[in-house]
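Asks: Here is my input; please provide its structure:
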Amino acid sequence: MKRSNILILGCILAGTVFLSALGMWQVQRLQWKEALIAEVEARRLSEPVSLDEMEIRWSNEQDVDYWPVSVTGNFDHSAEQYFYTTHKGRVGWNIYTPMTLADGRTIFVNRGFVPNELRSPQLREAGQVAGEVELTGLARNPLSEKPNRFIPDNDIEENIFYWKDMGQMALSARLEADSLVPFFVDANESAMSGNWPQGGTTLISFPNNHLQYAITWFGLALALVGVGGYFLYSINYRNRT
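Replies: Prediction:
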């Protein structure tokens with residue numbers, strides 16, 4: 001076999017190995033993603049636990065995302081924090097309200113969505129519940145940094161948040177960081193009083209395109225073998241004739 005043919009064959013083999021490795025990586029990612037989705041779904045459907053139990057879980061695992069939890073306390077509506085979002089095609093805000101607990105500490109509760117025109121609390125007084133409130137929701141982990149560079153910076157002076165920085169939210173609400181429960185709670189639909197905010201807006205969505213990616217990489221590997229093999233066959237056939 002000519003040296004040029006050997007070089008071509010080597011490139012075909014190297015490309016096939018590389019593309020197949022990418023396909024195998026996507027298979028592994030698929031297995032990981034499916035396990036993650038199953039775990040989150042199992043968490044979401046589990047029975048709610050007390051805040052004390054959830055804090056123990058946080059202390060042990062530093063992860064309470066999507067576990068149902070029950071909390072009881074009094075809302076401080078004067079310290080609402082506004083998280084920019086969209087819901088069912090409408091632009092608006094998730095209302096994060098500090099809830100004072102019986103022991104004097106505070107937990108941020110995402111009470112749900114209000115459209116942009118109802119951001120002002122005076123326009124939704126029916127939902128500004130007074131007195132002790134008991135609600136159930138999903139615990140959510142805090143974020144240690146901005147998820148990506150495309151998200152705008154939070155504007156503390158205007159009380160506008162684009163990502164959940166608990167320290168900045170505490171500063172905006174004039175709360176002592178040491179008195180905060182170290183995770184959030186997203187209230188469920190049953191926590192809604194009046195029309196707004198609308199609870200139960202937690203988005204649980206994990207894009208899972210790894211199977212398509214794996215098929216693509218394996219398909220390219222197979223195509224490379226086919227095209228490369230035919231190319232080498234054509235060269236050798238012409239040389240023989």
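Asks: where along the protein do the helices fall?
Replies: 3-44, 51-61, 166-172, 210-240 (DSSP state H).
Asks: Would you mind finding the most buried of those?
Replies: Neighbour counts (mean count of other CB atoms under 10 Å) averaged over each of these peak at helix 166-172, with a mean of 18. The C-beta positions use only the backbone N, C-alpha and C, and glycine is treated the same way.
Asks: Which strands and helices lie in contact with that helix?
Replies: Under the contact definition 3 or more CB pairs under 8 Å, 6 or more residues apart in numbering; DSSP states H and E, helix 166-172 sits against strand 160-161.
Asks: any idea how far the strand it packs on is from the chain center?
Replies: 18 Å (CA atoms, centre = their mean, to the nearest Å).
Asks: do stretch 61-79 as well
Replies: On CA atoms, centre = their mean, the centre of stretch 61-79 falls 17 Å from that of its chain.
Asks: same check, this time on stretch 149-161
Replies: Worked out by CA atoms, centre = their mean, stretch 149-161 lies 18 Å from the chain centre.
Asks: Could you chop the protein up by domain?
Replies: Annotated domains of the chain cover 3-39+208-240, 67-191 [automatic domain parsing].
Asks: Let me know which of the ones you listed is the nearest to Asn60.
Replies: domain 67-191 (12.4 Å; CB to CB).
Asks: Find me whatever residue is spatially closest to Asp63, sequence neighbours aside.
Replies: Asn141 (6.3 Å; CB to CB, 6 or more residues apart in numbering).
Asks: send the alpha carbons of stretch 44-60 over as PDB?
Replies: Only the C-alpha atoms of stretch 44-60 are listed here, as PDB (Å, rounded to 0.1, in the frame of the first residue of the first chain):
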ATOM      1  CA  ARG A  44     -40.800  16.900  43.800                       C
ATOM      2  CA  LEU A  45     -43.300  14.200  44.500                       C
ATOM      3  CA  SER A  46     -42.100  13.300  48.000                       C
ATOM      4  CA  GLU A  47     -44.000  14.400  51.100                       C
ATOM      5  CA  PRO A  48     -43.200  17.800  52.500                       C
ATOM      6  CA  VAL A  49     -41.000  18.000  55.600                       C
ATOM      7  CA  SER A  50     -40.600  20.600  58.200                       C
ATOM      8  CA  LEU A  51     -38.200  23.500  57.900                       C
ATOM      9  CA  ASP A  52     -36.100  22.000  60.700                       C
ATOM     10  CA  GLU A  53     -35.600  18.800  58.700                       C
ATOM     11  CA  MET A  54     -34.800  20.700  55.600                       C
ATOM     12  CA  GLU A  55     -32.200  22.700  57.400                       C
ATOM     13  CA  ILE A  56     -30.600  19.500  58.600                       C
ATOM     14  CA  ARG A  57     -30.500  18.200  55.000                       C
ATOM     15  CA  TRP A  58     -28.900  21.500  53.900                       C
ATOM     16  CA  SER A  59     -26.300  21.200  56.600                       C
ATOM     17  CA  ASN A  60     -25.500  17.600  55.600                       C
END
